[in-house]
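Student: from the sequence below, what's the structure:
(one chain, ligands or ions: 1)
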Amino acid sequence: MSISGTTRSDETSVAGHYDALDRFYREIWGEHVHHGLWTTGEESVAQATRAMIDLVADWAALPSRATVADAGCGYGGTSRVLAADHGCDVTGFTLSAAQAEWACGRGGGPRYEVRSWLDNGLPDGGCDAVVAIESLSHMVDKRLAFAQAARVLRPRGRLVLVDWLSCDRPSATQTRLLLGPIAREGRLPSLCTLGEYEALAAGAGLRVLHTEDFRDRAPHRTWSIVGRRLARRLATDAPARRFLLGSANPDRAFALSLARIPLALRTGTLRLAMVVAERPA
Ligand SMILES: C[S@@+](CC[C@H](N)C(=O)[O-])C[C@H]1O[C@@H](n2cnc3c(N)ncnc32)[C@H](O)[C@@H]1O
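Tutor: Numbering: from 1, shown residues only. Predicted structure coming up:
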């Protein structure tokens, strides 16, 4: 059962969210706008974030000089790692002009397009891998998002996605207090279950090879770190405080999600999981 966000969650509103909050995302999240994965609990944020990218790259089974599409590339953090450390030829797609401009300024090899993944313009069968880290939940038409991955992959090419998902049968309270507001505040048109993503992948003609729920890798830690950074910023920067918390900011409610999301992750209401699927030969 997917949870629907009820405010505007179309591409214009997703782009507006990331463009408006560009400076804060960069200052508070850095170049990687995704969760980290902890194993020992001793890892730094940079190590935990990198663990996620390394896991995605491992599962992508990249051949040498692989052609990769990064669907929802943010500031291009993952794209640059794939280009620099794996020799990949990467094209990143984001809806945010601010993100693409910053990413282009960093160089490092990848190309970036301000263009929807749902209409990506890539040729059929040209990609060895498609990676999508925490971006599909923003997309209105998830069926089309999987269909685009299946279309651009070569036979045996892999889709590796990590995303925010709903637990299987959320109660009315879980939906009202956590999943519904998280979807609305985070510009997520819908939150699917892992089973729904598996079915969407299969429906697009992909074979699901692996799924992994990251609940044992403490992804909620990311939010304590983000929350501390944001609190420091709000305490010391009056213009930032006025902008972020002012009534003119349509994303003001997103601040509430800073409390909701870790709670939802810790209780298993919201899940962070990976799906690896292959285009059959
Ligand atoms: C949470 S950020 C993740 C960014 C990046 N994958 C990372 O891990 O740093 C979500 C990204 O998905 C992008 N996005 C959402 N919907 C998209 C769409 N339909 N087409 C392309 N990008 C999209 C946003 O522009 C944003 O860059």
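Student: what residues are up against residue 116?
Tutor: Shown in contact with residue 116 (C-beta atoms under 8 Å, 6 or more residues apart in numbering): 11, 93, 95. (Each C-beta comes from the backbone N, C-alpha and C, glycine too.)
Student: and the host helix or strand of residue 198, how far out from the chain's middle?
Tutor: According to DSSP states H and E, residue 198 maps onto helix 194-203. Relative to its parent chain, helix 194-203 has a centroid offset of 17 Å by C-alpha atoms, centre = their mean, to the nearest Å.
Student: quick check: mean pLDDT of that helix?
Tutor: The predicted model assigns helix 194-203 a mean pLDDT of 98.
Student: and the contacts of that helix?
Tutor: Counting by C-beta under 8 Å, 6+ apart, 2, 136, 142-143, 146, 159, 161, 163, 165, 168, 192, 208, 211, 213, 271, 273, 275, 277 sit against helix 194-203.
Student: intersect the contacts of residue 116 with the contacts of the ligand.
Tutor: 11, 93, 95 (C-beta under 6 Å from any ligand atom).
Student: most neighbours, which of those residues?
Tutor: Per-residue neighbour counts (other C-beta atoms under 10 Å) across these peak at residue 93, which has 26 neighbours.
Student: beta partners of it?
Tutor: residue 71, residue 113 (DSSP bridges).
Student: enumerate every residue touching it.
Tutor: 69, 70, 71, 72, 73, 112, 113, 115, 116, 117, 120.
Student: quick one: buried residues of the helix or strand harbouring residue 149?
Tutor: Assigning secondary structure by DSSP H and E places residue 149 in helix 142-152. Using 16 or more other C-beta atoms under 10 Å as the test for burial, helix 142-152 gives 142, 144, 145, 146, 147, 148, 149, 150, 151, 152.
Student: just after it, pick out the following helix or strand.
Tutor: Next along from helix 142-152, by DSSP H and E: strand 153-166.
Student: name the nearest of the buried residues of helix 142-152 relative to the ligand.
Tutor: The ligand has its nearest neighbour among the buried residues of helix 142-152 in residue 145, at 7.2 Å by C-beta to the nearest ligand atom.
Student: pull the contacting residues for that closest one.
Tutor: Contacts for residue 145 (C-beta under 8 Å, 6+ apart) come out as 71, 117, 118, 132, 136, 139.
Student: among those, name the ones in helices.
Tutor: Among these, no residue falls in helices (DSSP state H).
Student: show me which of those neighbour the ligand.
Tutor: When contact is defined as C-beta under 6 Å from any ligand atom, those meet the ligand at 117, 118, 139.
Student: spatially nearest residue to the first one, not counting backbone neighbours?
Tutor: Beyond its immediate neighbours in the sequence, the residue positioned closest to residue 117 (C-beta to C-beta, 6 or more residues apart in numbering) is residue 71, lying 4.2 Å away.
Student: and that neighbour, what does it touch?
Tutor: Residue 71 makes contact with 93, 117, 120, 130, 131, 132, 135, 136, 145, 148, 149 under the criterion C-beta under 8 Å, 6+ apart.
Student: format the buried residues of helix 142-152 as CSV; extra columns: pLDDT and distance to the ligand.
Tutor: Below are the buried residues of helix 142-152 laid out as CSV (pLDDT from 0 to 100; distance: C-beta to the nearest ligand atom, whole Å):
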residue, pLDDT, distance to the ligand
142, 97, 10
144, 97, 9
145, 98, 7
146, 98, 13
147, 98, 13
148, 98, 9
149, 98, 12
150, 98, 16
151, 98, 15
152, 98, 13
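Student: which two among these are spaced furthest apart?
Tutor: 142 and 152 (16.1 Å; C-beta to C-beta).
Student: can you pull out the strands in the chain?
Tutor: For the chain, the strands defined by DSSP state E cover 3-4, 67-71, 89-94, 111-114, 127-133, 153-166, 190-191, 207-213, 270-278.
Student: around the ligand, pick out the residues from the stretch 1-150 of the chain.
Tutor: With C-beta under 6 Å from any ligand atom as the criterion, the stretch 1-150 of the chain meets the ligand at residues 11, 14, 18, 32-34, 72-74, 77-78, 93-96, 99, 116-118, 133-135, 138-139.
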